[in-house]
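*Asks:* after the sequence you'll find the predicted model.
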Amino acid sequence: ETGVTQSPTHLIKTRGQQVTLRCSSQSGHNTVSWYQQALGQGPQFIFQYYREEENGRGNFPPRFSGLQFPNYSSELNVNALELDDSALYLCASSTETGNTEAFFGQGTRLTVV
Amino acid sequence: DAKTTQPPSMDCAEGRAANLPCNHSTISGNEYVYWYRQIHSQGPQYIIHGLKNNETNEMASLIITEDRKSSTLILPHATLRDTAVYYCIVRVLYGNKLVFGAGTILRVKS
């Protein structure tokens, strides 16, 4: 079990609504990455935050945005939800030094109806 | 796109070694090979990583070929709890993301 916690664990939203997902990183980790995992596929990188700044972004539209707070926790915000946004959203924390493993949370299962 | 190729699924008898192959023929000199696994309904779990030498830890061994174009993850004594999707990933040092492919579904059977 990692020290990365995500909330909520499950969420149902209606198309067009907005959603905020939360992640608390493992102690000592100052980097948080977010991934989207559609059913039956591998996780896809959304973006990473390092010391409260975005540090790389995957191929996701601007309606996917994020924040990192001084305590290194993070939020993922998705506006104008679409049915295809239904997925497992994973948060991973790591240190900024290269080549260390990322520790993943259990994820938030988002269903858009 | 993922830079690795893995078989979609494999079966292994409980107690036997599970050998999971991965091809990464376009790997660059500064890219490491990482392995993660994902047990159903959980987040991915780090297993092991390496550059060019063979690596071993309490979970597994990683064998990387001399030309670094392929590698094998070895679980020495597979148990039913090792049933999971295993992902082979290449990543640069100080890279900011993991690029997951479809992975290999390993089924350990009693």
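*Replies:* Looks like it arrived, so ask away. Numbers count the residues shown, from 1 in each chain, chains lettered A, B, ... in the order given.
*Asks:* show me the contacts for B:Leu75.
*Replies:* B:Leu75 is in contact with B:Cys12, B:Ala17, B:Ala18, B:Leu20, B:Met59, B:Ala60, B:Asp82, counting by Cβ atoms under 8 Å, 6 or more residues apart in numbering or on different chains. No exception for glycine: its C-beta is placed from N, CA and C like everyone else's.
*Asks:* just the buried ones from those, in PyMOL syntax?
*Replies:* To isolate the buried members of those in PyMOL, using 16 or more other Cβ atoms under 10 Å in any protein chain shown:
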select buried, chain B and resi 12+18+20+60+82
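*Asks:* how about the contacts of B:Leu75 in a markdown table, adding distance to A:Cys23, secondary structure and pLDDT?
*Replies:* Formatted as a markdown table, the contacts of B:Leu75 follow (distance: Cβ to Cβ, whole Å; DSSP: H, G, I helix; E, B strand; the rest coil; pLDDT from 0 to 100):
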| residue | distance to A:Cys23 | secondary structure | pLDDT |
| --- | --- | --- | --- |
| B:Cys12 | 34 | strand | 97 |
| B:Ala17 | 36 | coil | 97 |
| B:Ala18 | 32 | strand | 98 |
| B:Leu20 | 29 | strand | 98 |
| B:Met59 | 25 | coil | 95 |
| B:Ala60 | 27 | coil | 97 |
| B:Asp82 | 27 | helix | 97 |
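*Asks:* quick one: the strands in the chain, in order.
*Replies:* Going with chain A. A:5-7, A:10-13, A:19-24, A:31-37, A:44-50, A:53-57, A:64-68, A:74-78, A:87-94, A:103-104, A:108-112 (DSSP state E).
*Asks:* switch to chain B, please.
*Replies:* B:9-13, B:18-23, B:31-38, B:45-50, B:55-56, B:61-64, B:70-75, B:84-92, B:104-109.
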